[in-house]
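Participant: prediction below, plus the sequence it came from.
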Amino acid sequence: MTEWRKLGLVIKPDPSLWWSRSHAMLPTPEHVEGSLWRIYAAGRNEANQSHVGWALIDLDDPGTVLERSVEPVLAPGALGCFDDNGVLPSCIIRDDDETLMYYIGFKPGGTTRMDLYGGLAISKDSGPFERWSQAPIIERCRANPYINTAPWVVRDGDAWRMYYVAGTQWVHRDLPRYNIQIATSDDGRNWQRDGCVAIDFAPGENALARPYVYHDGARWVMWFASKGEAYRAQIAYSDDGLNWARDRAGPGLLPSSGGPDAEMLEYFIVLPHAGKRIVFYNGDGYGEHGVCAAVEA
């Protein structure tokens, strides 16, 4: 089993910023240059509404924030839209001169606690992020009548492939079940879904959260979190990006005996550096305390 050296909290909420009074949720990476990465995360204002900001990290010293955004780069959408009560980053990908941010839009539910759908905002020539559409790019459809969220997008040749969290039912108004499914696209904007499951529930699991997918040079790798009593780190592998097999031993990243990740771990991103992997993730309270980091020992 892989051993990890934990660095503790790296990106913390900043109560001096109006949009970051609490939480730094769903770390999402964007490569800047060399060992520099911009890690996006969602902070919450006094009304508990999520906004997207970022912190600049040098992987040579991954426990230190060099700079952070003073204002959010993406705020909740217009009243009545799917994201009018909160936005969270999920995936950043480059497409020629555009940077595409796939994000999660939050809206309180009625008979259920919440509605979550995937949106898209685009930055052109390093300019501000603007919504590609005020409507979600993945919402309810015949194959997915419940929540559709946490999109992670990869390019595989000319094809675009999305791994996303798809609701399978609501057990009661506060408890959704969701697995990880696959969508396809020709342009990264318009997506086709037919209910293709990438990762399904193992015995005792109720939820599979935020896939993070990359190619390690030999095969596709997916980190995700599964929840029975609490979220735990999981890993799966695929030769073609479509058919996945779990490693039942997991990646070896476990809760600490105390501190910000003593109860749960979720929303992982994995960055290779100097022959090792560096993982940024959320712990207890879904990022209430901030973003943690761990380095492969």
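Facilitator: Cool, the structure landed.
Participant: in the stretch 151-297 of the chain, which spans are strands?
Facilitator: 159-172, 175-185, 192-199, 207-215, 220-227, 231-238, 245-246, 266-273, 276-282, 291-296 (DSSP state E, counting those that start in this stretch).
Participant: among those strands, which is nearest residue 148?
Facilitator: strand 159-172 (5.8 Å; Cβ to Cβ). C-beta coordinates here come from the backbone N, C-alpha and C atoms, glycine included.
Participant: if we can go back for a sec, the strands of the stretch 151-297 of the chain into TSV, with extra columns for mean neighbour count and distance to residue 41?
Facilitator: Formatted as TSV, the strands of the stretch 151-297 of the chain follow (neighbours: other Cβ atoms under 10 Å; distance: least, Cβ to Cβ, whole Å):
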stretch	mean neighbour count	distance to residue 41
strand 159-172	19	18
strand 175-185	20	21
strand 192-199	16	24
strand 207-215	22	12
strand 220-227	22	16
strand 231-238	20	17
strand 245-246	13	27
strand 266-273	21	9
strand 276-282	22	9
strand 291-296	23	6
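Participant: need those in a markdown table with mean pLDDT and distance to residue 48, can you?
Facilitator: As requested, those are exported to a markdown table (pLDDT from 0 to 100; distance: least, Cβ to Cβ, whole Å):
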| stretch | mean pLDDT | distance to residue 48 |
| --- | --- | --- |
| strand 159-172 | 97 | 21 |
| strand 175-185 | 97 | 19 |
| strand 192-199 | 98 | 30 |
| strand 207-215 | 98 | 20 |
| strand 220-227 | 98 | 22 |
| strand 231-238 | 98 | 20 |
| strand 245-246 | 98 | 34 |
| strand 266-273 | 98 | 18 |
| strand 276-282 | 98 | 16 |
| strand 291-296 | 98 | 19 |
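Participant: got JSON lines for those, with distance to residue 94 too?
Facilitator: Shown next, in JSON lines, are those (distance: least, Cβ to Cβ, whole Å):
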{"stretch": "strand 159-172", "distance to residue 94": "13"}
{"stretch": "strand 175-185", "distance to residue 94": "16"}
{"stretch": "strand 192-199", "distance to residue 94": "22"}
{"stretch": "strand 207-215", "distance to residue 94": "14"}
{"stretch": "strand 220-227", "distance to residue 94": "19"}
{"stretch": "strand 231-238", "distance to residue 94": "23"}
{"stretch": "strand 245-246", "distance to residue 94": "29"}
{"stretch": "strand 266-273", "distance to residue 94": "16"}
{"stretch": "strand 276-282", "distance to residue 94": "20"}
{"stretch": "strand 291-296", "distance to residue 94": "22"}
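Participant: quick one: which of these is nearest residue 59?
Facilitator: Closest among the strands of the stretch 151-297 of the chain, using Cβ to Cβ: strand 266-273, at 4.1 Å.
Participant: partner strands of that closest one and their direction?
Facilitator: Here strand 266-273 is paired, per DSSP bridges, with strand 276-282 (antiparallel).
Participant: and of the strands of the stretch 151-297 of the chain, who's closest to residue 13?
Facilitator: Once the strands of the stretch 151-297 of the chain are compared by Cβ to Cβ, strand 291-296 is nearest, at 10.0 Å.
Participant: chain center to the closest one: distance?
Facilitator: 15 Å (Cα atoms, centre = their mean, to the nearest Å).
Participant: what's it packed up against?
Facilitator: The contact analysis (3 or more Cβ pairs under 8 Å, 6 or more residues apart in numbering; DSSP states H and E) places strand 291-296 against strand 4-11, strand 276-282.
Participant: got the angle between that strand and strand 231-238?
Facilitator: Counting by axes from the mean of the first three to the mean of the last three Cα atoms, to 10 degrees, strand 291-296 points 50 degrees away from the direction of strand 231-238.
Participant: can I have strand 291-296 written out in CSV, keeping just the CAs?
Facilitator: Provided in CSV are the C-alpha atoms of strand 291-296 (Å, rounded to 0.1, in the frame of the first residue of the first chain):
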residue,chain,number,x,y,z
VAL,A,291,-8.0,22.0,1.2
CYS,A,292,-5.5,19.5,2.6
ALA,A,293,-2.5,18.1,0.8
ALA,A,294,-0.5,14.8,0.9
VAL,A,295,2.8,13.8,-0.8
GLU,A,296,3.6,10.3,-1.9
